[in-house]
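> What follows is a predicted structure for the sequence shown.
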Amino acid sequence: MILLTGGTGTLGRHVTPLLLAAGRNVRILSRKPQPPTDGVEYVTGDLLAGTGIAEALTGVTTILHLAGGAKGDDIATRNLMAAAGGVRHVVFISVIGADRVPLAWLRSQLAAEQAIRDSGVPWTILRAAQFHDLVVKMAQAMAKLPVVPVPGMRLQPVDARDVAARLVELALGEPAGLVPELAGPQDYDMRSVIDGYLRAVGRRRPKVPVRIPGKTGRAYRAGDNLTLDGDRGTRTWEDFLAERQ
């Protein structure tokens with residue numbers, strides 16, 4: 001049995017059918033009750049509150065820990081791992097730059113990684129770049145402004161389907177520790193990201209460069225959110241935008 005946290009989210013919706021296609025039994029821990037579906041068992045629980053975890057882990061050999069949010073990932077992960085003593089393998093999705101970019105939510109991701117390392121459960125951690133789904137939300141918000149601010153940073157957006165395929169491969173294999181990072185096939189500066197989105201939706205907006213202040217800005221300008229030698233996905237930002245038309 002494989003337990004999936006975050007199974008109803010962007011990534012989980014791609015992971016679940018891949019696991020089922022591989023013939024695995026899947027259980028999803030969800031904060032809200034879910035109607036049953038073929039091949040998937042649901043357990044209601046809350047990682048932050050620490051509820052429903054023991055029930056969700058009954059008979060589980062592998063955890064695919066995909067649940068995440070703006071804050072509290074470290075607490076949720078500690079609660080999960082405290083109850084995971086009989087599990088043989090936990091696979092965790094983290095973020096490229098979690099150990100380098102000084103943002104609170106990335107510090108939380110790094111602390112969650114450490115909770116897994118310290119748990120005694122054999123583990124695999126994959127750090128991925130920002131999903132296209134997140135980047136498009138950023139672009140949509142910026143495009144609503146009369147003048148679009150363009151931060152001086154680069155991105156390597158990756159398709160959630162590429163990440164899902166890699167996570168399933170890892171979950172079906174042996175614990176591997178910290179594996180090579182996964183980013184999209186191309187690097188973009190933020191102007192290229194915004195321009196691509198505006199072309200795709202048929203809009204024009206004036207743009208103005210902005211400088212991200214402080215340590216966070218220095219980290220992004222230095223490319224601390226990028227991978228130089230990690231693995232690369234197959235679907236570009238342009239591919240993703242074209243599919244949305």
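Good, I have the coordinates.

> which residues in the chain form strands?
With DSSP state E as the criterion, the chain has strands at 2-5, 26-30, 40-44, 62-65, 89-95, 123-128, 148-151, 154-155, 177-178, 182-183, 188-189, 207-210, 231-232.

> Adding distance to Val135, mean neighbour count and mean pLDDT, write these out as CSV.
Bear in mind the C-beta positions are built from the backbone N, C-alpha and C, glycine included. Converted to CSV, the strands of the chain look like this (distance: least, CB to CB, whole Å; neighbours: other CB atoms under 10 Å; pLDDT from 0 to 100):
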stretch, distance to Val135, mean neighbour count, mean pLDDT
strand 2-5, 23, 26, 98
strand 26-30, 26, 23, 96
strand 40-44, 29, 17, 95
strand 62-65, 23, 26, 98
strand 89-95, 13, 24, 98
strand 123-128, 13, 22, 99
strand 148-151, 12, 18, 94
strand 154-155, 7, 20, 97
strand 177-178, 24, 11, 98
strand 182-183, 12, 24, 98
strand 188-189, 9, 17, 96
strand 207-210, 16, 12, 95
strand 231-232, 16, 16, 98
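
> which residues in the chain form helices?
12-21, 53-57, 73-82, 104-117, 132-143, 160-171, 190-201, 214-221, 237-243 (DSSP state H).

> would you turn those into JSON lines with mean neighbour count, distance to Gly230 and mean pLDDT?
As requested, the helices of the chain are exported to JSON lines (neighbours: other CB atoms under 10 Å; distance: least, CB to CB, whole Å; pLDDT from 0 to 100):
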{"stretch": "helix 12-21", "mean neighbour count": "18", "distance to Gly230": "20", "mean pLDDT": "97"}
{"stretch": "helix 53-57", "mean neighbour count": "19", "distance to Gly230": "31", "mean pLDDT": "97"}
{"stretch": "helix 73-82", "mean neighbour count": "22", "distance to Gly230": "21", "mean pLDDT": "96"}
{"stretch": "helix 104-117", "mean neighbour count": "19", "distance to Gly230": "16", "mean pLDDT": "95"}
{"stretch": "helix 132-143", "mean neighbour count": "17", "distance to Gly230": "17", "mean pLDDT": "95"}
{"stretch": "helix 160-171", "mean neighbour count": "21", "distance to Gly230": "11", "mean pLDDT": "98"}
{"stretch": "helix 190-201", "mean neighbour count": "18", "distance to Gly230": "19", "mean pLDDT": "96"}
{"stretch": "helix 214-221", "mean neighbour count": "15", "distance to Gly230": "17", "mean pLDDT": "95"}
{"stretch": "helix 237-243", "mean neighbour count": "16", "distance to Gly230": "17", "mean pLDDT": "97"}
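
> Which one of the ones you listed lies nearest to Arg27?
Closest approach to Arg27 among those is made by helix 53-57 (6.4 Å; CB to CB).

> And the contacts of the closest one?
3, 27, 29, 43, 45, 47, 63, 79-80, 83-84, 86-87 (CB atoms under 8 Å, 6 or more residues apart in numbering).

> Going by distance to Val179, which of those wins?
The closest of these, once distances to Val179 are taken by CB to CB, is Ile63, at 16.0 Å.

> Brilliant, that's me finished.
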